[in-house]
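Participant: Build me a structure from this.
(one chain, ligands or ions: 2)
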Amino acid sequence: MIAITSNKTSDERIQEIVQFIEKQGVQAHVSKGEDRTVIGIIGQADPKLAEQLRQMSGVEQVVKISKSYKLASRDFHPADTVINIKGVEIGGEQLVVMGGPCAVETPEQIDEIARLVKAAGGQVLRGGAFKPRTGPYSFQGVGVEGLIMMAEAGKKHGLLTITEVMTPEYVDVCAQYADILQVGTRNMQNFDLLRKLGTIQTPVLLKRGFSSTYDEFLNAAEYILAGGNPNVMLCERGIRTFETYTRNTLDLSAIPVLKQLSHLPVISDPSHGTGRRELVVPMTKASVAAGADGLIIEMHTDPDNSMTGDGVQSLFPDQFANLLVDLEKLAPLLGKKFDTQKEAILA
Ligand code: PEP
Ligand code: MN
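Facilitator: Residues are numbered from 1 along each chain as shown. Ligands and ions are numbered 1, 2, ... in the order given. Now for the predicted structure:
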């Protein structure tokens, strides 16, 4: 249920309404908009509460929300969430490009790729130190050493960093070294991991499970938000369909749907979404046209010899740089800003 106040309702009155709600043993979440404030009510409210709120001065409307997720929904939070990380805004006008290898391999590899991501105009360096591999005998990542290598490369080249965290026990160490924590598709419903991520404030990029509905995806985001971490971005990375030509089917519709249902930033991953290098460029552009707030793209200096099988979907550095030049031209036509020359303002 949400209570919508009129634009004339004072902050003091909103506080009184919140106190009244909380006295009924349910939670109230206030979302201030330009001309109205939405008070979201979470918990098993007394059936009389809706009518009581309707009678209160300052309340214009009370609406029942049937969706199972609340904090992630646009009904509760009409304005777009913009996550500001050291001056880089995700979810606002700025288009954000995260680029880098599937996995951190060596200090030289991640340093050189970081240099190329920065030179092309990207703002975030991606790279997995802990890799969720389908088979137990495949390369599993270099671990904490990789976090350190990546943090150094990010710092040296003025890039934010994003890395995957797979278990609750590693959340703190990953958050110590990376600016954004990625939850992989295979862990979208690892509820213990989601709960742990709710206890910190580090931004989280939550990937959609490859067989998950939008509702399940938004409920997974709700776990993190409900724990107290508001800094969540959603990532469409392709779903499993009957098609085998592509590794996954990048669900482009997910981008505008998630923007409608939720206020959280939406990022597209055309690399895992297609699994084929030659499709990454067109699907990146399509994602921006569909309204994505950012991209996460695999790029490698020597994709044929990369330590995961994801070399086949990794762009070569010149392809990555040319793509970003194209995005610079495209973005303004689609209501976004992207400047390949602009230095990200990093504290
Ligand atoms: C990755 O980003 O390298 C990765 C493993 O992604 P996903 O969880 O989408 O497969
Ligand atoms: Mn990968």
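Participant: Could you break the chain into its assigned domains?
Facilitator: 1-61, 81-332 (the TED database).
Participant: Please see if stretch 183-198 touches ligand 1.
Facilitator: Yes. Stretch 183-198 lies within reach of ligand 1 by CB under 6 Å from any ligand atom, at 184-185. Placement of C-beta: from N, CA and C, glycine included.
Participant: so how far is Ile17 from the residue lying farthest from the centre of the chain?
Facilitator: The centre of the chain is farthest from one residue, Gln55, which by CA atoms, centre = their mean lies 38.9 Å away. Distance of Gln55 to Ile17, given as CB to CB, to the nearest Å: 11 Å.
Participant: now Pro78
Facilitator: From Pro78 to Ile17 the distance is 17 Å (CB to CB).
Participant: more crowded one of these two?
Facilitator: Ile17 (22 against 17; other CB atoms under 10 Å).
Participant: how about that one, what does it touch?
Facilitator: 3, 5, 28, 39, 53, 56, 58-59 (CB atoms under 8 Å, 6 or more residues apart in numbering).
Participant: Output the below-cut-off pLDDT ranges for the stretch 101-250 of the chain.
Facilitator: For the stretch 101-250 of the chain, applying pLDDT under 70 flags no range at all.
Participant: What segments of it are helices?
Facilitator: Here the stretch 101-250 of the chain has its helices, by DSSP state H, counting those that start in this stretch, at 107-120, 144-157, 171-177, 191-197, 214-227.
Participant: packing partners for the third one?
Facilitator: Read that as helix 171-177. helix 144-157, strand 160-164, strand 180-183, helix 191-197 (3 or more CB pairs under 8 Å, 6 or more residues apart in numbering; DSSP states H and E).
Participant: Of all the residues in the longest helix seen in the chain, which ones are buried?
Facilitator: Using DSSP state H to define each element, the chain has its longest helix at helix 317-333. The neighbour-count check on helix 317-333 (16 or more other CB atoms under 10 Å) flags 317, 319-321, 323-324, 327-328, 330-331 as buried.
Participant: Of the helices of the stretch 101-250 of the chain, which is nearest Val97?
Facilitator: helix 107-120 (8.0 Å; CB to CB).
Participant: List the buried residues in that closest one.
Facilitator: 109-118, 120.
Participant: same thing with stretch 79-86?
Facilitator: Applying 16+ other CB under 10 Å to stretch 79-86 flags 81, 83, 85 as buried.
Participant: Same question for stretch 281-295.
Facilitator: Applying 16+ other CB under 10 Å to stretch 281-295 flags 281, 283-288, 290-295 as buried.
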